[in-house]
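>>> mind folding the following:
(one chain, ligands or ions: 1)
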Amino acid sequence: MPVAYNESSRTFHLFNNEISYIFKVLENNQLGQLYYGKRIGDRNNFDHLLEMRPRAMTVCAFESNRLFSLEHIKQEYPAYGTGDMRLPAIDILQENGSRILDFQFKDFHVYQGKKKLPSLPATYVESEKEATTLEVILVDKLIQAELVLSYTIFEQMPVIARNACIKNLGDQQLVLDRAMALSVDLPDMDYEMIELTGAWSRERTVKKRKLEHGIQAIGSLRGCSSNAYNPFIALARNGCDEYAGEVMGFSFVYSGNFLAQVEVDTFDVTRVMMGIHPHSFNWPLASGESFQTPEAIMVYSDQGLNKMSQTYHKLYRTRLARGKYRDLTRPILINNWEGTYFDFDEDKIVGMATTARDLGIELFVLDDGWFGKRNDDFAGLGDWYPNLDKLPNGISGLSKKITDLGMAFGLWFEPEMVNKDSDLYRKHPEWTLETPNRHSSHGRNQYVLDFSNPEVVSHIFEAMDKVIGDSNITYIKWDMNRCMSEVYSASHGSNEQGKVMHEYILGVYELYERLITKYPDILFESCASGGARFDPGMMYYAPQGWTSDDTDAVERLKIQYGTSMVYPISSMGSHVSAIPNHQVRRNTPIQTRANVAYFGTFGYELNVNELDEQEKKLVMAQIDFMKEHRNLIQFGTFYRLKSPFEGNETVWMVVSEDQKQAIVGYYRVLQQVNSNYRRVKLMGLNPDYEYEVSINNTLNYGDELMNVGLITTDGSSGEPVDHYNGLNGDYQSRLYILKAKNQ
Ligand code: GLA
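Numbers count the residues shown, from 1 in each chain. All right, here's what the predicted structure looks like:
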């Protein structure tokens with residue numbers, strides 16, 4: 001039983017072969033945190049982990065007892081105002097103006113499996129045996145509020161999923177001002193905090209900082225999870241690297257405003273919290289109402305960052321992503337955006353599709369510009385019917401022409417947005433989020449539809465349904481291109497405005513759910529000006545996301561490397577685009593562009609009719625390569641070997657589950673001269689298998705490749721002659737294919 005409860009010491013111990021998570025009911029009937037980390041044996045009693053010393057200036061709970069102070073006891077879901085001086089996990093405003101809380105242990109349930117979270121994305125199980133859930137019920141008797149803390153431990157993975165649910169069982173009106181999905185107090189501060197930070201076109205850069213006393217936090221108040229900070233942090237032991245050392249990951253399954261906060265007190269206790277950002281959030285809870293937080297996922301690794309990432313990859317790829325495409329290799333697509341922008345008509349699109357089909361591409365994606373009066377970004381959003389000037393046969397006619405070519409057809413939507421110059425806005429100006437009597441700011445000339453209003457969501461569903469129902473569509477790119485401002489919903493009363501940003505995201509999830517239910521054969525790709533909403537919440541609906549608008553191969557090394565910290569290869573939209581690259585104007589060889597884009601869903605984003613014959617041949621070979629290897633790349637185990645953030649070379653690899661095949665991606669940004677001989681130690685191979693190694697044309701045993709290394713020396717070692725497969729110059733790359741012999 002992976003959840004043990006010891007009645008006499010009132011201790012809960014969640015464990016599997018890899019991890020232990022221990023907490024107990026304290027003397028004051030609240031919950032105290034005892035341990036989170038590598039698996040330890042189950043014992044009757046862990047009370048010795050509760051250290052209490054009298055300290056001056058502390059607030060103590062019991063008369064004549066100077067030991068029991070919430071300031072110094074590690075807690076499970078702390079509140080403010082009864083001794084703990086740090087920021088709390090929960091904050092409830094009561095009718096008399098008080099915010100003091102006392103959630104005391106009442107009961108618990110343990111069951112096999114994992115429940116769905118109503119209206120929210122969450123990890124799931126396919127058989128009840130895969131996980132065990134503990135629900136601890138706490139009650140604040142004075143205000144008759146119930147708090148249910150939920151913990152699901154996965155049997156075969158070092159993973160605990162957590163959430164909290166708050167219910168008003170009393171008569172008074174409560175207002176929930178803060179409700180974290182998780183909180184955990186750790187006994188020391190010897191960690192580096194890792195985060196994925198960035199901006200448009202440079203998403204998910206890996207940043208590390210040593211923990212210091214005080215608060216270090218990341219978050220979003222943009223209405224989407226954002227490209228500034230991904231809803232993820234890790235605490236890595238000092239010295240932890242990719243393959244050694246302890247690290248704890250915290251990832252939030254949510255797509256809106258979030259807070260990931262680490263508060264270190266002056267006794268070096270580290271408190272980690274993750275949840276909906278409390279700013280701009282307040283949730284009136286009338287009698288009988290409840291609030292469910294989204295879920296947060298804790299992953300533990302004692303084998304460095306790679307093991308943490310591999311756990312997230314496996315969990316998110318197989319038990320968060322859903323639907324037909326979860327386990328299917330992804331179609332190789334061509335997207336017309338960088339190839340045409342808004343300047344296209346049916347002939348041009350069919351012309352591109354015909355060439356793409358001849359090259360072996362499987363799916364044509366028509367991006368922005370096909371609807372309403374959309375000839376630039378000033379008009380049309382909201383009017384989801386075809387622009388007949390550009391597409392005289394509409395989407396249904398075009399999609400038929402494309403599918404007649406033998407290709408699948410996909411379409412771009414930006415469901416949540418509206419331009420003022422649109423029929424929808426002219427008819428329903430009250431459907432945008434805007435504050436009465438205040439100026440409304442735009443983003444890319446567009447305004448945000450009020451998805452907290454179910455009527456708006458239904459209207460957009462019907463509009464999309466009409467286009468999809470009339471056409472042969474098997475892929476949708478769902479974009480979202482601005483952050484929110486002046487948020488106020490005309491459909492909500494003045495005391496309910498604090499619900500709007502969360503209800504907006506629930507509206508987005510609702511629309512996704514309705515679409516995937518009605519159209520289970522459609523593959524969704526999420527997008528937000530590139531990767532500004534690349535988060536686990538989206539993965540529940542869309543198994544892949546557009547990683548970044550930056551398609552430059554060199555920039556993509558960093559973006560995809562950082563993204564792989566949490567997200568699987570099968571989730572990363574990655575395309576080969578034209579040169580000079582449209583974001584950084586860099587010229588990289590087409591083979592390097594493909595060698596980077598292979599490590600993702602793979603596709604092209606250029607006008608294939610502008611390729612010369614030589615390039616077309618290369619593209620055909622690339623497509624053949626991807627068709628042969630995409631199963632391994634998208635569903636194999638991914639290892640980061642050399643970081644683009646640390647040097648001139650990036651190396652990563654993917655290994656098949658049976659260890660018989662592997663591909664090593666080697667990327668060298670700048671050409672050097674007379675440089676050292678080079679090797680890179682591989683990972684994840686079978687030490688006893690003998691592998692045929694392409695490029696080097698050698699036979700090497702796995703133990704040799706992992707301990708001695710794969711030789712990657714090239715033409716830059718020695719005099720700069722073109723003797724190494726012609727791979728001289730900047731921005732070169734190679735893929736080493738490893739195949740186990742006689743296996
Ligand atoms: C966003 C997306 C791009 C493209 C454009 C279209 O920027 O990230 O891929 O779809 O919108 O307007």
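>>> center of the chain, which residue is that?
Residue closest to the average C-alpha location in the chain (Cα atoms, centre = their mean): D535, at 2.6 Å.
>>> how much space between the closest residue to it other than its chain neighbours and the ligand?
Take D535 and drop its neighbours on the chain: the residue closest to it by Cβ to Cβ, 6 or more residues apart in numbering is S225, 4.1 Å away. No exception for glycine: its C-beta is placed from N, CA and C like everyone else's. From S225 over to the ligand the distance is 15 Å, taken as Cβ to the nearest ligand atom, to the nearest Å.
>>> try E18
Distance check for E18 against the ligand: by Cβ to the nearest ligand atom, it reads 38 Å.
>>> ok, that residue touching K38?
Yes - with contacts defined as Cβ atoms under 8 Å, E18 counts as touching K38 at a distance of 7.2 Å.
>>> what about stretch 391-410, how long is it end to end?
End-to-end distance of stretch 391-410 (Cα to Cα, to the nearest Å): 15 Å.
>>> model confidence over that stretch, on average?
When pLDDT is averaged along stretch 391-410, the result is 98.
>>> what separates that stretch from the chain centre, distance-wise?
For stretch 391-410, the distance from its own C-alpha centre to the chain's C-alpha centre is 32 Å (Cα atoms, centre = their mean, to the nearest Å).
>>> just checking, what's the longest helix in this protein?
Assignment by DSSP state H gives helix 613-635 as the longest helix of the chain.
>>> quick check: the residue of the chain nearest the ligand.
At 3.4 Å from the ligand, D368 is the closest residue in the chain, using Cβ to the nearest ligand atom.
>>> who's in contact with the closest residue to that residue other than its chain neighbours?
Spatial nearest neighbour of D368, chain neighbours left out: W412 (5.3 Å); criterion: Cβ to Cβ, 6+ apart. When the contact criterion is Cβ atoms under 8 Å, 6 or more residues apart in numbering, the partners of W412 are W337, V365, L366, D367, D368, W370, I476, K477, D479.
>>> could you redo the last one with a cut-off of 7 Å?
Residues touching W412, when contacts are defined by Cβ atoms under 7 Å, 6 or more residues apart in numbering, comprise V365, L366, D367, D368, K477, D479.
>>> repeat for G410
Applying Cβ under 7 Å, 6+ apart as the definition, the contact partners of G410 turn out to be L333, L363, F364, V365, I473, T474, Y475, I476, K477.
>>> at 6 Å instead, please
With contact set as Cβ atoms under 6 Å, 6 or more residues apart in numbering, G410 has these partners: L363, V365, Y475.
>>> those residues into JSON lines, with extra columns for pLDDT?
Rendered in JSON lines, the data for the contacts of G410 read as follows (pLDDT from 0 to 100):
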{"residue": "L363", "pLDDT": "98"}
{"residue": "V365", "pLDDT": "98"}
{"residue": "Y475", "pLDDT": "98"}
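>>> which one of the residues you listed sits closest to E295?
Distance to E295, by Cβ to Cβ, is smallest for Y475 among the contacts of G410, at 27.6 Å.
>>> for the closest one, name its beta-bridge partners.
Beta bridges link Y475 to G410, L523 when assigned by DSSP bridges.
>>> now swap in L149 and tell me
The residues that L149 bridges to, once DSSP bridges is applied, are V136, A164.
>>> on that earlier part again, so of the contacts of W412, which ones are in strands?
Among the contacts of W412, the members falling in strands are V365, L366, K477 (criterion: DSSP state E).
>>> redo the residues you listed as JSON lines? Include distance to the ligand.
Formatted as JSON lines, those follow (distance: Cβ to the nearest ligand atom, whole Å):
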{"residue": "V365", "distance to the ligand": "9"}
{"residue": "L366", "distance to the ligand": "10"}
{"residue": "K477", "distance to the ligand": "7"}
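>>> any quick ChimeraX command for the buried ones out of those?
In ChimeraX syntax, the buried subset of those is picked out as below (16 or more other Cβ atoms under 10 Å):
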select :365,366,477
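>>> N453 and S491 touch, don't they?
Yes - using Cβ atoms under 6 Å, N453 makes contact with S491 at a distance of 3.9 Å.
>>> those two: which is more packed in?
Neighbour tally, N453 and S491, criterion other Cβ atoms under 10 Å: the higher count belongs to N453, 21 against 15.
>>> got a list of what that one touches?
Neighbours of N453 in contact, by Cβ under 6 Å, 6+ apart: S491.
>>> Y504 too?
Under the contact definition (Cβ under 6 Å, 6+ apart), the residues listed for Y504 are F451, S452.
>>> and it, what element?
When secondary structure is defined by DSSP states H and E, Y504 falls within helix 500-518.
>>> give the buried residues for that helix.
500-512, 514-516.
>>> ok so, going back, using PDB, list the CA coordinates for the helix or strand following the longest helix of the chain.
Toward the C-terminus, helix 613-635 is succeeded by strand 637-642 as the next helix or strand (DSSP H and E). Taking Å, rounded to 0.1, in the frame of the first residue of the first chain, the C-alpha atoms of strand 637-642 are listed here in PDB:
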ATOM      1  CA  THR A 637      13.900   8.500 -24.100                       C
ATOM      2  CA  PHE A 638      15.600  11.900 -24.500                       C
ATOM      3  CA  TYR A 639      19.000  12.800 -23.000                       C
ATOM      4  CA  ARG A 640      20.600  16.200 -22.900                       C
ATOM      5  CA  LEU A 641      24.400  15.800 -23.200                       C
ATOM      6  CA  LYS A 642      25.800  19.300 -23.900                       C
END
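>>> show me what whichever helix or strand comes after strand 637-642 is in contact with.
Next in sequence after strand 637-642, counting helices and strands by DSSP H and E, comes strand 649-655. Counting by Cβ under 6 Å, 6+ apart, strand 649-655 makes contact with 557, 633, 636-642, 644, 662-668, 680, 684, all of which sit outside it.
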